[in-house]
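> Would you be able to build a 3D model of this:
(3 chains)
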Amino acid sequence: MRQASHTLTLRTTGKGLYECTPEVAAWVRSSGIESGLLTLFVQHTSASLLIQENADPDVRADLEDFFARLVPEASASYRHRSEGPDDMPAHVRSALTQTQLSIPVNAAVPALGTWQGIFLFEHRRAPNQRRIMLHLIGG
Amino acid sequence: MRQASHTLTLRTTGKGLYECTPEVAAWVRSSGIESGLLTLFVQHTSASLLIQENADPDVRADLEDFFARLVPEASASYRHRSEGPDDMPAHVRSALTQTQLSIPVNAAVPALGTWQGIFLFEHRRAPNQRRIMLHLIGG
Amino acid sequence: MRQASHTLTLRTTGKGLYECTPEVAAWVRSSGIESGLLTLFVQHTSASLLIQENADPDVRADLEDFFARLVPEASASYRHRSEGPDDMPAHVRSALTQTQLSIPVNAAVPALGTWQGIFLFEHRRAPNQRRIMLHLIGG
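Next up, the predicted model:
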């Protein structure tokens, strides 16, 4: 039984879902660990993680639209405005989704379903560089 | 220290919460691992996982109602409609809840609180067969 | 490779976010495990867990406000009312956030981002004593 860890850095260019399944799967394969538990942890409070459908890109656009409607930027009720109108909504959207995901690993592959992909969910408008910690424990 | 894994299959017959605590607890007991970390991972993007109250069934009905109101099927704004009016709402409801849950295990029992149960949250109308990957690491 | 576990008890005095990063970090340090995976699991269905910004307290107030608006106490549609008007909203707020969080540990420290703190999210009005199970596996 052993562990491996790695920092994955993703560049984003505005709100929406960015798939990182290939990068994550490649790192798992390179770790030499055949079976175990993979954990992804995003080190930000204005970006989050989602497992979502990886087939129809309309699903990603509809998800972004839903969260934009549910957590509007123009709400007069936010106290926290010093970092821009999209910052407080970004914290709320992060709270409603995941900061962390764990996925079992079998035969050196994350055990995702057929239509599942791993996505970083960017909640800010400006380009960002986002850090995801990867941790794998197993044998 | 060692690992065990298993696929739990659940049949669903429409939207709502389906408890699977007994099946999960039975598998943990049968694994022979006394203390460790249990992970459940649902291999779908239109069903999810929740820890919720296992006492009053009204809680489950109210949860289903809340999500039905928050993510209406009849929204004209969804692009993704090819898989039926309940498919895009199912992806949103999954994003708002959990694809994965991890629970510490003590004395060969998941360390749930007194009123906590483990539920699969089905978001589609049609009957489905759902796969939950179980992973346990410990000793 | 080994494991450690602990129960953290927090007192709350009404709805809102209560930071517990120092208590969690102190326990991790005392465990003697240098690198591994830390899991927090809250044993309640009317309180939850969040990683959120630990800098501006306005973010916490805005989060509380958002959830109070999204899940109103005064909804006539709840069936489950026997435990008070804030109980069913508490279950919904828990479903929308996290019962469990896992965080990689490096150099005996949870690998949080610069602005990230660990919070218990209390959803009930009355004072409560809340139990969070901590589990750490690593070496």
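
> For the residue of chain A found nearest chain B, which residues are in contact?
Per Cβ to the nearest Cβ, residue A:113 is where chain A lies closest to chain B, at 3.2 Å. Using the backbone N, CA and C atoms, a C-beta is placed for each residue, glycine as well. Residue A:113 sits next to B:42-45, B:131 when contact means Cβ atoms under 8 Å, 6 or more residues apart in numbering or on different chains.

> ok, which of those also contact chain A?
B:42-45, B:131 (Cβ under 8 Å from any Cβ of the partner chain).

> which one among the residues you listed gets closest to residue A:91?
Residue A:91 has its nearest neighbour among the ones next to chain A among the contacts of residue A:113 in residue B:45, at 24.6 Å by Cβ to Cβ.

> So what's the residue count around whichever residue of chain A sits closest to chain C?
Chain A approaches chain C most closely through residue A:43 (3.2 Å), counting by Cβ to the nearest Cβ. Burial of residue A:43 is recorded as 20 neighbouring residues (other Cβ atoms under 10 Å in any protein chain shown).

> In space, what's closest to it - neighbours in sequence excluded?
Distances taken as Cβ to Cβ, 6 or more residues apart in numbering or on different chains put residue C:113 closest to residue A:43, at 3.2 Å, once the chain neighbours are dropped.

> before we move on, what about residue A:40?
residue A:101 (4.9 Å).

> Burial check on the one you found, number of neighbours?
Look at residue A:101: counted by other Cβ under 10 Å, it has 24 neighbours.

> Now do the strands in chain A.
With DSSP state E as the criterion, chain A has strands at A:2-13, A:16-19, A:36-42, A:47-53, A:100-106, A:109-110, A:116-122, A:127-138.

> packing partners for the second one?
Right, strand A:16-19. Under the contact criterion of 3 or more Cβ pairs under 8 Å, 6 or more residues apart in numbering or on different chains; DSSP states H and E, the helices and strands touching strand A:16-19 comprise helix A:57-70, strand A:116-122.

> try the last one
Taking 3+ Cβ pairs under 8 Å, 6+ apart as the contact definition, the neighbouring helices and strands of strand A:127-138 are strand A:2-13, helix A:21-31, strand A:36-42, strand A:47-53, strand A:116-122, strand C:36-42.

> switch the cut-off to 6 Å
When contacts are defined as 3 or more Cβ pairs under 6 Å, 6 or more residues apart in numbering or on different chains; DSSP states H and E, strand A:127-138 packs onto strand A:2-13, strand A:36-42.

> Please apply the same query to the fifth one.
The helices and strands touching strand A:100-106, judged by 3+ Cβ pairs under 6 Å, 6+ apart, are strand A:36-42, strand B:36-42, strand B:100-106, strand C:100-106.

> mind running it again at 7 Å?
strand A:36-42, strand A:47-53, strand B:36-42, strand B:100-106, strand C:100-106 (3 or more Cβ pairs under 7 Å, 6 or more residues apart in numbering or on different chains; DSSP states H and E).

> Just send those strands back as TSV, with distance to residue A:126 too.
Shown next, in TSV, are the helices and strands packed on strand A:100-106 (distance: least, Cβ to Cβ, whole Å):
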stretch	distance to residue A:126
strand A:36-42	17
strand A:47-53	12
strand B:36-42	33
strand B:100-106	30
strand C:100-106	26
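
> would you turn those strands into CSV with mean pLDDT?
Formatted as CSV, the helices and strands packed on strand A:100-106 follow (pLDDT from 0 to 100):
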stretch, mean pLDDT
strand A:36-42, 98
strand A:47-53, 97
strand B:36-42, 98
strand B:100-106, 98
strand C:100-106, 98
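
> Residue B:135 is nearest to which of these?
Distance to residue B:135, taken as Cβ to Cβ, is lowest for strand B:36-42 among those, at 4.5 Å.

> The closest one pairs with which strands, parallel or anti?
strand B:100-106 (antiparallel), strand B:127-138 (antiparallel) (DSSP bridges).

> what comes into contact with the first one?
Residues from elsewhere that reach strand B:100-106, judged by Cβ atoms under 7 Å, 6 or more residues apart in numbering or on different chains: A:101-103, B:28, B:33, B:35-41, B:49, B:51, B:110-112, B:136, B:138, C:5, C:39, C:41, C:99-100, C:102, C:133, C:135.

> let's see 8 Å
Taking Cβ under 8 Å, 6+ apart as the rule, strand B:100-106 contacts A:51, A:101-103, B:28, B:33-42, B:49, B:51, B:110-112, B:118, B:136, B:138, C:5, C:39, C:41, C:99-100, C:102, C:133, C:135.

> re earlier: for residue C:72, find the nearest of the helices and strands packed on strand A:100-106.
Short answer: strand A:47-53, nearest of the helices and strands packed on strand A:100-106 by Cβ to Cβ, at 24.8 Å.

> which parts of chain A sit against chain C?
Counting by Cβ under 8 Å from any Cβ, the residues of chain A near chain C are A:1-3, A:5, A:37, A:39, A:41-45, A:70-71, A:77-80, A:82, A:88, A:91-92, A:94-96, A:98-100, A:102, A:131, A:133, A:135, A:137.

> Please identify the most buried of the helices and strands packed on strand A:127-138.
strand A:36-42 (a mean of 25; mean count of other Cβ atoms under 10 Å in any protein chain shown).

> Can you show me the CA trace of stretch A:31-45 as PDB?
What follows is stretch A:31-45, C-alpha atoms only, in PDB (Å, rounded to 0.1, in the frame of the first residue of the first chain):
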ATOM      1  CA  SER A  31       1.600   6.500 -10.600                       C
ATOM      2  CA  GLY A  32       1.900   2.800 -10.900                       C
ATOM      3  CA  ILE A  33      -0.900   2.300  -8.400                       C
ATOM      4  CA  GLU A  34      -3.400  -0.300  -9.700                       C
ATOM      5  CA  SER A  35      -6.300  -0.100  -7.300                       C
ATOM      6  CA  GLY A  36      -7.100   2.500  -4.700                       C
ATOM      7  CA  LEU A  37      -8.900   5.800  -4.000                       C
ATOM      8  CA  LEU A  38      -8.200   8.900  -6.000                       C
ATOM      9  CA  THR A  39      -9.000  12.300  -4.500                       C
ATOM     10  CA  LEU A  40      -9.200  15.700  -6.300                       C
ATOM     11  CA  PHE A  41      -9.200  18.900  -4.200                       C
ATOM     12  CA  VAL A  42      -9.500  22.400  -5.700                       C
ATOM     13  CA  GLN A  43      -7.500  25.000  -3.700                       C
ATOM     14  CA  HIS A  44      -9.900  27.800  -4.400                       C
ATOM     15  CA  THR A  45     -13.200  29.200  -3.200                       C
END
